[in-house]
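S.K.: need a 3D model of the sequence below.
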Amino acid sequence: MTLLLGCLLAAGVVLIASPWLFPPRAPRPEPRLRRAGRLTTALSAAGFGAVPGGVFLALSVLTGVLFAAAAFAVTGVVALAVSAAVLGGAIPVLLVRWRARVKRAAHRALWPDVVDHLIGSVRSGLALPDAVASLAHTGPEALRGEFVSFERDYRSTGSFGGSLDRLKDALADPVPDRIIETLRMAREVGGADLTTVLRSLSSYLRSDNAIRSEVEARQSWIKSAAKLGVAAPWLILLLLSTRPEASLAYNSAGGSVLIVVGAAVSVVAYRVMLALGRLPQERRWFT
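M.R.: Numbers count the residues shown, from 1 in each chain. Modelled structure (predicted):
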């Protein structure tokens, strides 16, 4: 009986302390779902949110097959055709990332103007939903499409929070994430200092954009050197492989090993040089 009571007492102590000893953890999504989410986010950031992920993956595979067929038809080197297949499959992903970076850089200079328009609308007495919807007509030209969709969505549903979530998914940028969450908080809990906060945010965005543009201009030579350093040896290899004797040499075991090692070194060197010249990008904390 003493042993039983001791066990019951120990079990009670463990159950009481379990919220602190074993805090609940959110289930982690499956790797396939995480990859699909990253792909959808990348497509949205590049302006291709309407493209399904399966179609994009099929396009990548098709591009890889076409590059491999072209390389094998020109050179007859199997290892070079495999390298061309990998490059062709990666080209759609690289284009999407490049498009997302270009779009983000182009929009970065427009967000302070958006904040200024919001400040003017709020100070003129417009409600927050109407102030955001007015950007479809008075905001920067490059961003009006997303705000036209927001205005249509809000007029049809009447849900300001849901329309903001869909607008945030369409923009897929950390800067509008902060603006949208500021407006959401002001809508839900009230914000007498909303214009002050927005004015400070506009000033910060302008100074950050000026500094980032200057640093990117000074470091652009690193990216140019990385691209030239990677492309030049492969162009020479492609020209050499068109000769029959070179094609036979590269089709041997030693030639295949040379191409595979060269491809690995090129990828590592390219990634290192890009890492040296890349500025830290702000993460989307409010997705």
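
S.K.: OK, contacts around the spatially most central residue of the chain?
M.R.: With distances taken as C-alpha atoms, centre = their mean, the chain has Ala42 as the residue nearest its mean C-alpha position (4.4 Å). By C-beta atoms under 8 Å, 6 or more residues apart in numbering, the contact set of Ala42 is Val93, Val96, Arg97, Ala100. No exception for glycine: its C-beta is placed from N, CA and C like everyone else's.

S.K.: among the residues you listed, which one has the lowest pLDDT?
M.R.: Lowest pLDDT among the contacts of Ala42: Ala100, with 81.

S.K.: quick one: secondary structure of it?
M.R.: Three-state assignment for Ala100 (DSSP: H, G, I helix; E, B strand; the rest coil): helix.

S.K.: separation between it and Phe72?
M.R.: According to C-beta to C-beta, to the nearest Å, Ala100 stands 32 Å off from Phe72.

S.K.: with neighbour numbers in mind, choose between the two.
M.R.: Neighbour count, other C-beta atoms under 10 Å: between Ala100 and Phe72, Ala100 has more, with 20 against 16.

S.K.: from the contacts of Ala42, which is closest to Arg152?
M.R.: Arg152 has its nearest neighbour among the contacts of Ala42 in Ala100, at 24.7 Å by C-beta to C-beta.

S.K.: and that closest one, what is it in contact with?
M.R.: Ala100 sits next to Ala42, Ala45, Ala46, Ala172 when contact means C-beta under 8 Å, 6+ apart.

S.K.: what helix or strand does the residue nearest to the centre of the chain sit in?
M.R.: Per DSSP states H and E, Ala42 falls inside helix 31-45.

S.K.: list the buried residues in the next helix-or-strand element following that helix.
M.R.: Sequence-wise, the next helix or strand downstream of helix 31-45 (DSSP H and E) is helix 53-75. For helix 53-75, burial by neighbour count (16 or more other C-beta atoms under 10 Å) applies to Phe56, Ser60, Thr63, Gly64, Phe67, Ala68, Ala71, Phe72, Thr75.

S.K.: from what I can see the second one touches Leu94, true?
M.R.: Yep, that's Ser60 we're talking about. No: counting by C-beta atoms under 8 Å, Ser60 stays clear of Leu94, with 10.3 Å between them.
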